[in-house]
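Visitor: let's see this in three dimensions:
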Amino acid sequence: MHDSQEQRLLRDITRRHFFHDCQVGLGSVALGTMLAGERQAMAELQPPGFTNGSRGLHGVPKAKSVIFLFMAGGPSQLELFDPKPKLQELNGQVIPESYVKGKRFAFIKPDAKLLGTVRKFGTHGESGAVISECLPHLTTVADEICLVRSMSTDVFNHGPAKLFMNTGSPQFMGRPSMGSWVSYGIGSESQNLPGFVVLQSGPRGPRGGAPLWSSGFLPSNFQGVPLRSGKEPILNLGNPPGIDSGRQRDFISAVNDLNGLRHELTQDPEITTRIASYEMAYRMQTSAPELMDLKGETQETLELYGAEPGKHSFANNCLLARRLVERGVRFVQLYHTDWDHHGNAGTELGKSLDERCLEVDRGSAALVRDLKRSGLLDDTIVIWGGEFGRTPQGEPRDLMGRDHHVEAFTMWLAGGGIKTGQTIGSTDEIGYNVVEDKVHVHDLHATLLHLLGIDHLKLTYKFQGRNYRLTDVHGNIVSKLLA
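Guide: Here you go, the predicted structure:
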């Protein structure tokens with residue numbers, strides 16, 4: 001007997017109510033069951049001897065989120081944070097061989113001449129932080145930051161160096177990024193946004209591209225999600241014309257049901273990732289546009305950042321970063337490009353450096369101020385820096401610039417358990433080598449995880465027969481950074 005038209009209508013209405021109004025279907029039920037199974041599977045991958053599992057909190061967290069302001073290209077510490085009177089005195093002289101013997105450079109030769117700076121420096125705040133005239137807004141929050149003048153890394157080419165800063169490895173495309181490790185380890189507090197979000201500004205994307213925020217061999221739902229400015233922050237997120245939220249819910253539930261059946265057969269963990277991605281995309285259809293709309297912010301807040309609703313800028317991205325962490329996003333990374341100041345046309349240490357500083361200085365300082373006044377700075381770590389620094393030697397091209405330098409550079413941190421109002425580390429008299437309190441990239445990673453309540457030795461994932469971690473076989477917690 002065929003169903004009557006009335007029976008078919010009643011059945012469709014009941015089914016639509018089940019999927020749409022209740023917002024739960026067989027796929028959603030399957031999702032919860034499979035994610036619980038995934039958690040159990042991940043626990044089984046832990047190294048022998050760890051009874052509490054490799055994921056989750058291993059200690060008391062001081063912070064619950066991170067905002068990494070990544071200055072892609074390598075800002076010059078010698079123009080911004082680390083003045084050297086002796087370098088000024090030796091300007092134009094060939095660097096002593098003892099500094100460069102056995103060293104490799106990206107472009108300059110070992111006998112390149114030393115280069116002083118024309119930038120003026122001052123001491124600021126009660127802490128007496130030394131910051132150059134290039135960053136006047138940052139000087140107003142001098143007591144809220146910790147300058148680390150003794151950073152070091154291993155890699156002197158941009159792409160590998162960015163990978164190293166972000167993944168702990170310079171060579172392996174496919175290693176998980178910092179944000180992915182954090183999201184994998186302790187999850188996200190946001191139900192409607194990804195745990196790891198990427199924002200970009202500048203004339204182009206960073207060298208290295210998507211692998212910088214990749215989840216690598218971790219499940220793909222832990223990768224960074226780039227958000228764009230404009231009406232469509234995430235490509236292909238909106239519904240096609242004529243598809244309402246009810247029909248979209250029906251479609252997602254039906255696909256999840258099919259994925260659930262497939263998972264029962266294969267036990268492939270990527271299927272649970274696919275289901276979670278569909279569910280997150282559905283929730284983000286309303287949360288992402290609301291997030292990106294800055295018109296609800298006060299005029300005072302917009303002016304603080306120098307943000308303009310609808311504009312694509314670093315300032316807007318800083319304000320979005322605050323909006324993301326207050327909505328529970330765990331890790332936000334802002335990339336701002338064009339800090340590669342060799343001295344060729346458009347990238348010299350003069351006008352180009354001034355332009356980059358003008359683009360980021362106000363927004364960076366405003367972010368620290370805004371987070372503090374809202375109470376979010378107490379549990380949000382803010383990091384500012386690039387993949388390496390610049391050489392004390394000059395690099396003459398069209399104009400004078402500096403080459404890539406891995407031995408010593410400067411970053412600053414604020415918030416979330418960081419001991420601020422201090423300067424850590426120092427370099428020699430020409431700024432070439434660290435002479436006190438060296439902080440390697442692996443040490444930075446270990447310390448950030450510690451502040452988030454994660455033991456960097458325990459946060460592991462088994463891949464190709466061995467347990468990997470962000471710091472691999474390296475890394476020490478920098479106790480001087482801790483409040």
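Visitor: C-alpha only now, for contacts and for neighbours.
Guide: Will do.
Visitor: wait, a strand at Cys318?
Guide: No - judged by DSSP: H, G, I helix; E, B strand; the rest coil, Cys318 forms no part of a strand; its state is helix.
Visitor: residue closest to the middle of the chain?
Guide: For the chain, the residue sitting closest to the mean C-alpha position, by CA atoms, centre = their mean, is Gln333 at 2.9 Å.
Visitor: against which helices or strands is the host helix or strand of it packed?
Guide: Gln333 belongs to strand 331-336 when assigned by DSSP states H and E. If you count contacts as 3 or more CA pairs under 8 Å, 6 or more residues apart in numbering; DSSP states H and E, strand 331-336 packs onto strand 65-71, helix 178-186, strand 196-201, helix 314-326.
Visitor: now do the very next helix or strand once past it against helix 314-326, angle only.
Guide: Proceeding N to C from strand 331-336, the next assigned helix or strand is helix 351-374, under DSSP H and E. Going by axes from the mean of the first three to the mean of the last three CA atoms, to 10 degrees, helix 351-374 is angled at 30 degrees with respect to helix 314-326.
Visitor: flag every buried residue along helix 351-374.
Guide: Neighbour counts over helix 351-374 (16 or more other CA atoms under 10 Å) mark 352-353, 356-357, 359-372 as buried.
Visitor: next one: it to chain centre, how far?
Guide: 16 Å (CA atoms, centre = their mean, to the nearest Å).
Visitor: angle of that helix against strand 331-336?
Guide: Using the same axes, to 10 degrees: helix 351-374 against strand 331-336 is 150 degrees.
Visitor: for His342, which of the helices and strands packed on strand 331-336 is the nearest?
Guide: strand 65-71 (15.3 Å; CA to CA).
Visitor: other SSEs contacting the next helix or strand after that closest one?
Guide: Next helix or strand after strand 65-71 toward the C-terminus (DSSP H and E): helix 77-80. When contacts are defined as 3+ CA pairs under 8 Å, 6+ apart, helix 77-80 packs onto strand 129-132, strand 389-396.
Visitor: pLDDT below threshold where in the stretch 101-250 of the chain?
Guide: Residue ranges of the stretch 101-250 of the chain with pLDDT under 70: 172, 229-240, 242-250.
Visitor: hmm, 80 instead?
Guide: In the predicted model, the stretch 101-250 of the chain carries pLDDT under 80 at residues 171-173, 228-250.
Visitor: quick one, strands of it?
Guide: Along the stretch 101-250 of the chain, counting by DSSP state E, counting those that start in this stretch, strands occupy 121-124, 129-132, 145-152, 196-201, 225-226.
Visitor: how about CSV for those strands, with distance to Asp111 added?
Guide: Below are the strands of the stretch 101-250 of the chain laid out as CSV (distance: least, CA to CA, whole Å):
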stretch, distance to Asp111
strand 121-124, 28
strand 129-132, 28
strand 145-152, 22
strand 196-201, 36
strand 225-226, 43
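Visitor: ok, which of those strands comes nearest Leu294?
Guide: Nearest to Leu294, of the strands of the stretch 101-250 of the chain and by CA to CA, is strand 196-201 at 15.0 Å.
Visitor: starting at the chain centroid, how far to that closest one?
Guide: With CA atoms, centre = their mean, you get 7 Å for strand 196-201.
Visitor: over to stretch 362-381?
Guide: Counting by CA atoms, centre = their mean, stretch 362-381 is centred 16 Å from the centre of its parent chain.
Visitor: kindly export it (C-alpha atoms) in CSV.
Guide: Extracted C-alpha coordinates of stretch 362-381, given in CSV (Å, rounded to 0.1, in the frame of the first residue of the first chain):
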residue,chain,number,x,y,z
ARG,A,362,49.5,50.3,17.5
GLY,A,363,47.5,47.1,17.1
SER,A,364,50.0,45.1,19.1
ALA,A,365,50.1,47.5,22.0
ALA,A,366,46.3,47.9,21.9
LEU,A,367,45.8,44.1,22.1
VAL,A,368,47.8,44.0,25.3
ARG,A,369,45.9,47.0,26.7
ASP,A,370,42.5,45.6,25.7
LEU,A,371,43.2,42.2,27.1
LYS,A,372,44.3,43.7,30.4
ARG,A,373,41.3,45.9,30.9
SER,A,374,38.9,43.0,30.1
GLY,A,375,40.8,40.6,32.4
LEU,A,376,41.7,38.3,29.6
LEU,A,377,45.4,39.0,29.8
ASP,A,378,45.5,37.1,33.0
ASP,A,379,45.1,33.8,31.1
THR,A,380,46.1,34.7,27.6
ILE,A,381,49.7,34.6,26.4
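Visitor: mean confidence for that stretch?
Guide: On average, the pLDDT along stretch 362-381 is 98.
Visitor: how about residues contacting that stretch?
Guide: 62-67, 69, 137-138, 140-141, 144, 304-306, 314-316, 318-319, 322, 325-326, 382, 413-418 (CA atoms under 8 Å, 6 or more residues apart in numbering).
Visitor: which of these are buried?
Guide: By 16+ other CA under 10 Å, those give 62-67, 69, 137-138, 141, 144, 304-306, 314-316, 318-319, 322, 325-326, 382, 413-418 as buried.
Visitor: on that earlier part again, what sits opposite the residue nearest to the centre of the chain in the beta ladder?
Guide: Applying DSSP bridges to Gln333 gives these bridge partners: Phe68, Val198.
Visitor: and it, what does it touch?
Guide: Going by CA under 8 Å, 6+ apart, the list of residues near Gln333 reads Ile67, Phe68, Leu69, Phe70, Phe196, Val197, Val198, Leu199.
Visitor: and the pLDDT at it?
Guide: The predicted local confidence for Gln333 is 98.
Visitor: likewise the one 5 residues further on?
Guide: At Asp338, the pLDDT value in this model is 95.
Visitor: burial measure for the closest residue in space to it that isn't next to it in sequence, as a count.
Guide: Spatial nearest neighbour of Asp338, chain neighbours left out: Gly73 (5.9 Å); criterion: CA to CA, 6 or more residues apart in numbering. Neighbours of Gly73 under the rule other CA atoms under 10 Å: 26.
Visitor: I'd like to know how far Gly73 sits from Lys372.
Guide: Computed as CA to CA, to the nearest Å, the Gly73 to Lys372 distance reads 29 Å.
Visitor: ok now stretch 185-193, how far from the chain's centre?
Guide: 15 Å.
Visitor: one more: stretch 254-264?
Guide: 33 Å.
Visitor: dump it to PDB, restricted to CA.
Guide: Taking only C-alpha atoms (Å, rounded to 0.1, in the frame of the first residue of the first chain), the coordinates of stretch 254-264 have been written out as PDB:
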ATOM      1  CA  ALA A 254      22.500  12.000   6.500                       C
ATOM      2  CA  VAL A 255      26.100  12.300   5.500                       C
ATOM      3  CA  ASN A 256      27.200  11.700   9.100                       C
ATOM      4  CA  ASP A 257      25.000   8.600   9.200                       C
ATOM      5  CA  LEU A 258      26.800   7.200   6.200                       C
ATOM      6  CA  ASN A 259      30.200   8.200   7.600                       C
ATOM      7  CA  GLY A 260      29.200   6.500  10.900                       C
ATOM      8  CA  LEU A 261      28.500   3.200   9.000                       C
ATOM      9  CA  ARG A 262      31.800   3.500   7.200                       C
ATOM     10  CA  HIS A 263      33.600   4.000  10.500                       C
ATOM     11  CA  GLU A 264      32.000   0.900  12.000                       C
END
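Visitor: in that stretch, which residues are buried?
Guide: Ala254, Val255, Asn256, Asp257, Asn259, Gly260, His263.
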